[in-house]
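>>> have a look at this fold, sequence not included:
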């Protein structure tokens, strides 16, 4: 098995998998319990994947031990509510800047994906990825114009879909 394929390395040289990165991201938005994080992932993946408690809780402990998250409060029945620390925010921001690395990793496996999914589907995925990278990197004053362009594109795609 290839380890680290869908992970990024932080400034300290520690590899972070997508689940660790997502935990930091979601705790930056709002403090949550481990159970709330599990349910959020289940919802975001449209019930296709939920990490096990045996995966999420040791990961929360590891992130806490590393000082990236902390227990904000203990809820009912000893339920821990976690929040991100300032160090966790720094790590998350650094990892977000490496988004292009994930695209490069995808491109390394492009031929495999093409065989599995079909060349046209992979080309669409590449275009969507490139569009999102550009859109996210634009300055704030260009975001409104970007939304307009993307809204028009979505309308056109929906029209195509209705013609099918």
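Yes, it's here. What you see is a predicted model; the values in this text were computed from it and never measured.
>>> so which bits of the helix or strand where residue 35 lies are buried?
If you go by DSSP states H and E, residue 35 is part of helix 34-44. For helix 34-44, a neighbour-count test (16 or more other C-beta atoms under 10 Å) marks 34, 37-38, 40-41 as buried. C-beta here means a position set from N, CA and C on the backbone, and glycine is covered the same way.
>>> and which of those is nearest residue 70?
Residue 70 lies nearest to residue 34 out of the buried residues of helix 34-44, by C-beta to C-beta, at 13.7 Å.
>>> residues contacting that closest one?
53, 56-57, 60, 80, 82 (C-beta atoms under 8 Å, 6 or more residues apart in numbering).
>>> who wins on neighbours among the residues you listed?
Neighbour counts for those peak at residue 82, which has 24 neighbours (criterion: other C-beta atoms under 10 Å).
>>> so in that sheet, which strands flank the helix or strand containing it, and in what orientation?
Secondary-structure element containing residue 82, defined by DSSP H and E: strand 80-84. Its sheet considered, strand 80-84 pairs with strand 32-33 (antiparallel), strand 69-74 (antiparallel) by DSSP bridges.
>>> TSV please, covering the ones you listed and showing mean pLDDT, distance to residue 48 and mean neighbour count.
Formatted as TSV, the strands paired with strand 80-84 follow (pLDDT from 0 to 100; distance: least, C-beta to C-beta, whole Å; neighbours: other C-beta atoms under 10 Å):
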stretch	mean pLDDT	distance to residue 48	mean neighbour count
strand 32-33	96	21	18
strand 69-74	94	26	15
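>>> what is the nearest residue to residue 82 once chain neighbours are set aside paired to in the beta sheet?
Excluding the flanking residues, the one nearest residue 82 by C-beta to C-beta, 6 or more residues apart in numbering is residue 69, at 4.9 Å. Beta-bridge pairing for residue 69 (DSSP bridges): residue 84.
>>> ok, residue 69 to residue 31 distance?
From residue 69 across to residue 31, the span is 9 Å (C-beta to C-beta, to the nearest Å).
>>> give me the common contacts of these two.
82-83.
>>> for the longest helix seen in the chain, the averaged confidence score.
When the chain is scanned for its longest helix (criterion: DSSP state H), the result is helix 143-163. Averaging pLDDT along helix 143-163 gives 92.
>>> give me the distance from that helix to the chain's centre.
In terms of C-alpha atoms, centre = their mean, to the nearest Å, the centre of helix 143-163 is found 23 Å from the chain centre.
>>> likewise for stretch 52-64?
For stretch 52-64, the distance to the chain centre is 17 Å (C-alpha atoms, centre = their mean).
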